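Trainee: Below is the structure, and that's it, no one-letter string:
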């Protein structure tokens, strides 16, 4: 290539909207799954290292982990209550820590920009709709189990369809069709929760990827020349990296928060249920 045509390597024109196979022979083994395994491995080894030799006077790593766990437990308990918190906390904390680590892993230089066979070798799991949907569906199974155990099968469906507010007499009977209709709407709302959880996270993480990609290409789009475009590719995205660090934390919190709220909504006893419950 002659000097006249030489130029700095350019990034692909757009960020892929889907995860891509890491190996052609294993189409299910995607670049998002690789980062998922890395994030899981980091969490496992950090937790193992912090808890393998517990001390009365904790070391730095044990102290940091205890601070995170205690703080998040208080966060969950404040939403679902002290009775439900021990049941909901393990999954909610795991979801939060996984997405926090995986979202931040997606910001490490090379994730999304190192290519093998024309495809990105690594991709943040939050930008893979399949990963998000799998975790959301797993949460819905746990949500159903917790709700059924707390309310009972009859109480669960009464919570959806029965008249609320302690109504009695003719007014209660007259409003039954309305509450049945509202219950059906609630069933529809519950059924779309996994998709809303998945798409909300996917949209935010994918948007962050696209933003960083666009800022990295800004110098080329403005025609600054090879040297300045290369410098711009390194420096311009830096402020947006700090923004995405905050976004990665907030999205991990929001996903877990919504899950906690869904549990709280389905395990809250109505007044008439509490009055009839045995003491």
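Mentor: Thanks, I have the structure now. Computed from a prediction, not measured in an experiment: that's the story for all the values here.

Trainee: what are the ranges of the helices in the chain?
Mentor: 31-51, 60-80, 85-105, 129-161, 169-191, 193-216, 218-221, 226-235, 238-267, 271-276 (DSSP state H).

Trainee: Could I get these in JSON lines, plus columns for mean pLDDT?
Mentor: Below are those laid out as JSON lines (pLDDT from 0 to 100):
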{"stretch": "helix 31-51", "mean pLDDT": "90"}
{"stretch": "helix 60-80", "mean pLDDT": "91"}
{"stretch": "helix 85-105", "mean pLDDT": "94"}
{"stretch": "helix 129-161", "mean pLDDT": "89"}
{"stretch": "helix 169-191", "mean pLDDT": "79"}
{"stretch": "helix 193-216", "mean pLDDT": "89"}
{"stretch": "helix 218-221", "mean pLDDT": "77"}
{"stretch": "helix 226-235", "mean pLDDT": "80"}
{"stretch": "helix 238-267", "mean pLDDT": "92"}
{"stretch": "helix 271-276", "mean pLDDT": "43"}
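
Trainee: between those helices, which one is nearest to residue 117?
Mentor: Smallest distance to residue 117 across the helices of the chain (CB to CB): 11.2 Å, for helix 31-51. The way it works is simple: take the backbone N, C-alpha and C, and place the C-beta from them, glycine included.

Trainee: What count of nearby residues applies to residue 78?
Mentor: By other CB atoms under 10 Å, the residues close to residue 78 number 12.

Trainee: Paired strands for the top strand by length along the chain, with orientation please.
Mentor: Longest strand in the chain by number of residues (criterion: DSSP state E): strand 26-30. Sheet pairing for strand 26-30, assigned by DSSP bridges, gives strand 21-23 (antiparallel).

Trainee: Name the residues that touch the strand it pairs with?
Mentor: 27-31, 33-34, 116, 119, 121 (CB atoms under 8 Å, 6 or more residues apart in numbering).

Trainee: same deal with stretch 106-121?
Mentor: 11-12, 15-16, 20-22, 24, 31, 34-35, 105, 122-124, 126-127, 205, 208-209, 212-213, 241, 244-245, 248.

Trainee: Narrow the residues you listed to those that are buried.
Mentor: Listed as buried from the contacts of stretch 106-121 are 15, 20, 22, 31, 34-35, 105, 122-124, 126-127, 205, 208-209, 212-213, 244, 248; burial here means 16 or more other CB atoms under 10 Å.

Trainee: Tell me who's in contact with the spatially closest residue to residue 30 that is not a sequence neighbour.
Mentor: Counting by CB to CB, 6 or more residues apart in numbering, residue 19 is the residue found nearest to residue 30 once chain neighbours are left out, at 3.9 Å. Residues near residue 19 by CB under 8 Å, 6+ apart: 30-33, 123, 127-128, 130-131.

Trainee: Neighbours of the residue nearest to residue 129 when sequence neighbours are not counted, how many?
Mentor: Leaving aside its chain neighbours, residue 129 sits nearest to residue 202 (4.9 Å; criterion: CB to CB, 6+ apart). Using other CB under 10 Å, residue 202 is surrounded by 21 other residues.

Trainee: Residue 202 contacts residue 136, doesn't it?
Mentor: No: at 10.5 Å, residue 202 does not count as touching residue 136 under the criterion of CB atoms under 8 Å.

Trainee: joint contacts of the two?
Mentor: The contact sets of residue 202 and residue 136 do not overlap (CB under 8 Å, 6+ apart).

Trainee: Could you dump the helices of the chain into TSV with distance to residue 111 added?
Mentor: Formatted as TSV, the helices of the chain follow (distance: least, CB to CB, whole Å):
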stretch	distance to residue 111
helix 31-51	7
helix 60-80	23
helix 85-105	6
helix 129-161	15
helix 169-191	34
helix 193-216	9
helix 218-221	20
helix 226-235	16
helix 238-267	12
helix 271-276	49
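
Trainee: Would you list the buried entries among the contacts of strand 21-23?
Mentor: Neighbour-count burial (16+ other CB under 10 Å) applied to those gives 30-31, 33-34, 119, 121.

Trainee: Farthest pair within these?
Mentor: Farthest apart among the buried ones among the contacts of strand 21-23 by CB to CB are 33 and 119. That separation is 13.5 Å.

Trainee: Residue 254: neighbour count?
Mentor: 16.

Trainee: Kind regards, and thank you for your time.
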